[in-house]
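K.L.:
compute the structure for the input listed below.
(chains A and B)
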Amino acid sequence: MTKYFLYRLLQLIPILISISVLVFLMIHLAPGDPVLLLMGDEGTYEDYRRLQELYGLDLPLYQQYFRWVGNALQGNLGISIRQGAPVSQLIFERLGPTFELAIASVILATILGIPIGVLAAIKRQSFVDFFSMIFALIGVSMPPFWLGLVLLAYVSMNVGFFPMFGREGSIVGGLWIFLTSFNITPLYDGFRYLFLPAASLAIAMMAIITRLTRSSLLEVMGKDYIRTARSKGIGEKVVIFKHGLRNALLPVVTIIGIQFGFLLGGAVITETVFAWPGAGRLVVNAIIQRDFPIIQGGVLMLAIAFTLVNLLVDLSYALLDPRIRYQ
Amino acid sequence: MKKLLTVLILLSIIALGWSSLVFANQDRIIIGTAAEAVGLDPRMETDIYSGQRIYVIMEPLVIFSTEMELAPRLATSWEFNDDGTKITFNLREGVKWHDGVPFTAEDVKYTYEWILNPENQSPNRSLYVDIIEIEIENDHLLHFHLEKPNSFLLNNLARICIVPAHHGEEADFRENPVGTGPFQFVSWSRDDRLVLSANQDYWGGAPNVDELEIRPIPEDSGRLFALEAGEIDVYQDQPIPEEIARLEEDPSINVQRIPGTGYRYLGFNTTKPPFDDVLVRRAMSHLVPREGIVDVLQEGLGIVATGPVPAGLPWYNPDVPRYDHDVDKALELFTEAGIDLDEAVFNLYSHEDPAFIRIAEIIQFEASRIGLTIRTHVEEWGAYWSRLQTPDHPYEMYLVDWFGQVDPDRAMYRQYHTDGARNFGMFSNEELDYLLEKGQTVPPASEESISIYNQAQEIVADQAYYAFIHYYEEVGLSKASLNGFTPNPFVSMTWANAHLFYKE
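P.N.:
Residues are numbered from 1 along each chain as shown, chains lettered A, B, ... in the order given. Alright, predicted model coming up:
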């Protein structure tokens, strides 16, 4: 298992190299000049040349790339062209909010999605099944930005409990304060601000999980070993949850992992609608402003996170299905 | 499952009870903005989002009033010498930096010398290159020596706030600034909030509220919801035109509209035939339905544009040649220019802003009425703006806008002078060059200045270098309970008087 883990970590190296080359080429070959965008309405051609030189943008592409790799290997992701701050600091500030939102959405989607999926599968062809599948269809079909605005306009506007925008401290921090000084306000605020953005992301994911759990469970319940289990006289609940669901969860876990990976970098629309200070907004703004160091560093960090999440998913297979062993 | 439900129900009961305890804070004003600042160092920033925050924390020597006149700020008075090569400033006495150190002429000299030093890479440097020496006479009196007369240098000086010499070299000044303004820096977390507290020693009087919070809320609808729900007190940026009528009727919202300093236009590239022919440019100008764009697309938000100088400025010349929307006249001019409308295909470029795309489509439709084919191309902003600034850019007709046109020099020299830094149309007109150079040497408020720029505007309009579409209006959107807030035509200075804001 450890060996497999290390092997997978080593695999990260070629992946990261390819991603960094790809990102580097894409942003440099796309039209748009960071210095011209930085200067905005001001500046002359002379200023332009000086700034280009300052950021090393006048060097040949390959030199720029190796300079960046050299620095990155020493843990230095460079300085933001636009904001003048270290890229690692800018990204680090965003990781907390990003992970918090992604984890909250995944939890919300999973604790609702799997039970509904199971229910739909057991009560197949019933009203429960029918309604949960209609609900799932609607959930998958709603674009998150629209759903976000609808939640703001109808839920937040009418229920003062849910704020319109922003974030007030982290849930983890709030929990710590609650446990150490019995002050629930920070935790409570953290929850109030997190709920709607997490819900708007969770609904589509929940719909996918529900549908997948249902179809996967239905398939498993038709297997021979389920018939065997039943014929041994095992209670229906045990058959469903121990024999059926556990085997049905493999594809569900895979999808949850992939969705979680996407949320780390792809929640930018929800972050924008709810003014959530996450990494997606940082990287998208950097793309608009052609702030190359932030784009490169941000994509690299997200790629690492995505790959690690995938690794965890693969490892979790072994827990769910004892037949799977990693060597 | 049952347990979970019980917990959820309990939580929501607690929540509802709690939310009734949440009430508006009288001592704090929250401003919701469309975007985050890039940084907070006036020497380095060029965008309005940074500018707006900076002007609350720091102050320039002179500032624009809401009527676009120069008003004293850190300087109490100023005087040009006879040949316009020296400006003398009297500085305000008794002003202190937020750390208690007195503000002196040293700080002014430091700020401008820092910007002028090429090693510091300030993108704002070109605004001040006419300054050759800054001479301090005493702590509150100093002279700017200029290489040549520059009538509008004061307007450029208004664009930059003064930085404290004793903090300016700190590496984190851009994220942790010290100023003389009505509010002082407390904390900043990017894309989340900038927290400022009242400067009790402010020379203009202590602010009415204790705290000012500036929060970026990028989505327009989300920001508007937040204003309507009372979670923010001020909505920054232009509202969506479709919302303006509804907001003006809402008694809980205060809508203030004033003429702005920017405009939208259709530009021509005179190096790309047939746009080197003034007849073609005039014909295209006749194809633009300005009134329709303002009335329908903008829902009345804007003023029909006639030339490069915004309508609110004293140099504005209303008597320039105008190009009313008239497709027959356009057809006549195209024929006179020898354009075969069945054969000709023009290319019109726009960036991705939906309003600009719709204007492009409107012009395309108007052209189709006389059988002219226009192909529209939409490009992403970063690529568009970068390309437009390259000397031989590919755009023959392009839609874009200008902001901050606070004087006729700013509004014309860069755009129309042969050597202008933003002459995207590659215009070159000797008479115009002469006038624009002359305008820089005569006192700005004089009859002569007005006459020079009246002539210059006539040439620009006559030559139809741009098809002007509409001037912007600046809209101040705030809760009716907020008092003392007025929008400023120079957008960066919108909250410069934040010490006067108070809540009822």
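K.L.:
which bits of the stretch 51-200 of chain A sit near chain B?
P.N.:
Contacts of the stretch 51-200 of chain A with chain B, taken as Cβ under 8 Å from any Cβ of the partner chain, map to A:51, A:54, A:82-85, A:90, A:93-94, A:111, A:115, A:148-149, A:152-153, A:156-157, A:159-161, A:163-167, A:188, A:192. For glycine as for every other residue, the C-beta is placed from the backbone atoms N, C-alpha and C.
K.L.:
can I have the buried ones of those as a ChimeraX selection?
P.N.:
Per 16 or more other Cβ atoms under 10 Å in any protein chain shown, the buried members of those correspond to this ChimeraX selection:
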select /A:51,82,83,84,85,90,93,94,148,149,152,156,160,161,163,164,165,166,167,188,192
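K.L.:
where along the stretch 1-150 of chain A do the helices fall?
P.N.:
Per DSSP state H, counting those that start in this stretch, the stretch 1-150 of chain A carries helices over the ranges A:2-29, A:34-39, A:45-54, A:61-73, A:87-122, A:127-141, A:144-150.
K.L.:
buried sites along the last one?
P.N.:
It stands for helix A:144-150. The neighbour-count check on helix A:144-150 (16+ other Cβ under 10 Å) flags A:144-145, A:147-149 as buried.
K.L.:
cool, and the fifth one?
P.N.:
Residues of helix A:87-122 classed as buried by neighbour count (16+ other Cβ under 10 Å): A:87-88, A:90-91, A:93-94, A:96-106, A:108-110, A:112-114, A:116-122.
K.L.:
which residues sit in contact with residue 47?
P.N.:
The chain I'm using is chain A. A:39, B:123, B:125-126 (Cβ atoms under 8 Å, 6 or more residues apart in numbering or on different chains).
K.L.:
wait, I meant chain B there
P.N.:
A:40, B:35, B:37-38.
K.L.:
in CSV, list the helices of the stretch 1-150 of chain A along with mean pLDDT.
P.N.:
Output for these, formatted as CSV (pLDDT from 0 to 100):
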stretch, mean pLDDT
helix A:2-29, 87
helix A:34-39, 86
helix A:45-54, 85
helix A:61-73, 90
helix A:87-122, 93
helix A:127-141, 90
helix A:144-150, 89
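K.L.:
can you check which of those gets nearest to residue A:182?
P.N.:
Closest to residue A:182 of the helices of the stretch 1-150 of chain A, according to Cβ to Cβ: helix A:87-122, at 22.4 Å.
K.L.:
now the angle between helix A:127-141 and the closest one, please.
P.N.:
150 degrees (axes from the mean of the first three to the mean of the last three Cα atoms, to 10 degrees).
K.L.:
what is helix A:87-122 packed up against?
P.N.:
Under the contact criterion of 3 or more Cβ pairs under 8 Å, 6 or more residues apart in numbering or on different chains; DSSP states H and E, helix A:87-122 touches helix A:127-141, helix A:171-181, helix A:185-221, helix A:246-266, helix A:279-289, helix A:292-320.
K.L.:
which phi and psi values does residue B:359 adopt?
P.N.:
phi -60, psi -40 (degrees, to the nearest 10).
K.L.:
low-scoring stretches of chain B, by residue?
P.N.:
Within chain B, the ranges that satisfy pLDDT under 70 run B:1-25.
K.L.:
domain assignment for it?
P.N.:
What automatic domain parsing lists as the domains of chain B is B:26-32+B:181-258+B:476-503, B:48-157, B:259-473.
K.L.:
a markdown table for these, including distance to chain A and mean neighbour count?
P.N.:
A markdown table is the format used below for the domains of chain B (distance: least, Cβ to the nearest Cβ, whole Å; neighbours: other Cβ atoms under 10 Å in any protein chain shown):
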| stretch | distance to chain A | mean neighbour count |
| --- | --- | --- |
| domain B:26-32+B:181-258+B:476-503 | 4 | 20 |
| domain B:48-157 | 5 | 18 |
| domain B:259-473 | 4 | 19 |
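K.L.:
which stretch among those domains comes nearest residue A:58?
P.N.:
That would be domain B:48-157 among the domains of chain B, by Cβ to Cβ, at 13.8 Å.
K.L.:
mind checking how far the closest one is from the chain centre?
P.N.:
Taking Cα atoms, centre = their mean, to the nearest Å, one finds the center of domain B:48-157 at 19 Å from the center of the full chain.
K.L.:
ok, stretch A:112-121 next?
P.N.:
So, by Cα atoms, centre = their mean, the centroid of stretch A:112-121 is 23 Å from its chain's centroid.
K.L.:
got it, and stretch B:412-431?
P.N.:
21 Å.
K.L.:
which residues sit against whichever strand or helix holds residue B:435?
P.N.:
Using DSSP states H and E, residue B:435 sits in helix B:430-439. With Cβ under 8 Å, 6+ apart as the test, helix B:430-439 has contacts from B:151, B:408-409, B:412-413, B:416-418, B:449, B:452-453, B:455-456, B:459-460.
K.L.:
swap the cut-off to 7 Å and go again
P.N.:
Contacts with helix B:430-439, where a contact means Cβ atoms under 7 Å, 6 or more residues apart in numbering or on different chains, come from B:408-409, B:412-413, B:416-418, B:449, B:452-453, B:455-456, B:459.
K.L.:
spell out the secondary structure type for residue B:476.
P.N.:
strand (DSSP: H, G, I helix; E, B strand; the rest coil).
K.L.:
what sits against it?
P.N.:
B:256, B:485-487.
K.L.:
quick check: the two most widely separated of the buried residues of helix A:144-150?
P.N.:
Within these, A:144 and A:149 form the most distant pair, 9.8 Å apart (Cβ to Cβ).
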